[in-house]
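Engineer: Structural data only, the sequence is not supplied:
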């Protein structure tokens, strides 16, 4: 350090001036710094909103906790309602059933096609399959007419007793369902008489006044 001071002390005023001029001529150094310009403030249309939020700042914690409490109570309400509905089904909200239609039948072409297919099975002695065909095709017709009526958990007897079906359709379908379910749960095969009964009931319903 002592040597550096001695060397610097030996510089003349001219040497210092020339060194200073050379330093000023270097383009990679900036000596003139512009004054600091603060960023522009918010636009005029936003200032009233910012002022309002600023005035509400003291109550923000209350708004936050109040929102949490309301949200928690809403979740608790829906959970309790579902639990009560499971424990006490009579308290479950039920949709008001629509008034059943006065009359409904499958189209004549569809009814005749079904009877022809069932007759072919019965002619081969396959009375179980023929009778089941009438039942299952009737369920398809009901599901096509009332998409929300037939559900997987419902039995054919449940469907037959549904209040959404017209009276004649409910009566006819109920008669066919009783024959099929009685055979299914009783373990006995359906015979010609069973098929004839179900076929006659379906024909009287789907094709009134006509005999195939």
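Structural biologist: Received it, and whenever you're ready, just let me know what you need. From a predicted model like this one, the values you see are computed outputs, not experimental measurements. Numbers count the residues shown, from 1 in each chain.

Engineer: Quick check: mean pLDDT of the longest helix seen in the chain?
Structural biologist: The residue-count maximum for a helix in the chain (DSSP state H) belongs to helix 60-87. On average, the pLDDT along helix 60-87 is 82.

Engineer: heads up, I number from 12, so please use that
Structural biologist: Fine by me, first position is 12 from now on; the one you just mentioned is helix 71-98.

Engineer: Tell me where the model's unsure across the protein.
Structural biologist: Residue ranges of the chain with pLDDT under 70: 12-22, 38-45, 96-113, 156-175, 195-198, 220-223.

Engineer: which stretches of it form helices?
Structural biologist: Under DSSP H, the chain gives helices at 13-20, 24-35, 58-67, 71-98, 119-134, 138-156, 167-171, 178-197, 203-217.

Engineer: Tabulate those in a markdown table, adding columns for mean neighbour count and distance to residue 50.
Structural biologist: To be clear about C-beta, it is placed using only N, CA and C from the backbone, and glycine gets the same treatment. Shown next, in a markdown table, are these (neighbours: other C-beta atoms under 10 Å; distance: least, C-beta to C-beta, whole Å):
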| stretch | mean neighbour count | distance to residue 50 |
| --- | --- | --- |
| helix 13-20 | 8 | 44 |
| helix 24-35 | 10 | 32 |
| helix 58-67 | 10 | 15 |
| helix 71-98 | 10 | 26 |
| helix 119-134 | 15 | 77 |
| helix 138-156 | 19 | 68 |
| helix 167-171 | 18 | 73 |
| helix 178-197 | 17 | 77 |
| helix 203-217 | 18 | 82 |
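
Engineer: Between those, which one is closest to residue 52.
Structural biologist: helix 58-67 (8.1 Å; C-beta to C-beta).

Engineer: Report all helices and strands that the closest one contacts.
Structural biologist: Here helix 58-67 touches no other helix or strand, going by 3 or more C-beta pairs under 8 Å, 6 or more residues apart in numbering; DSSP states H and E.
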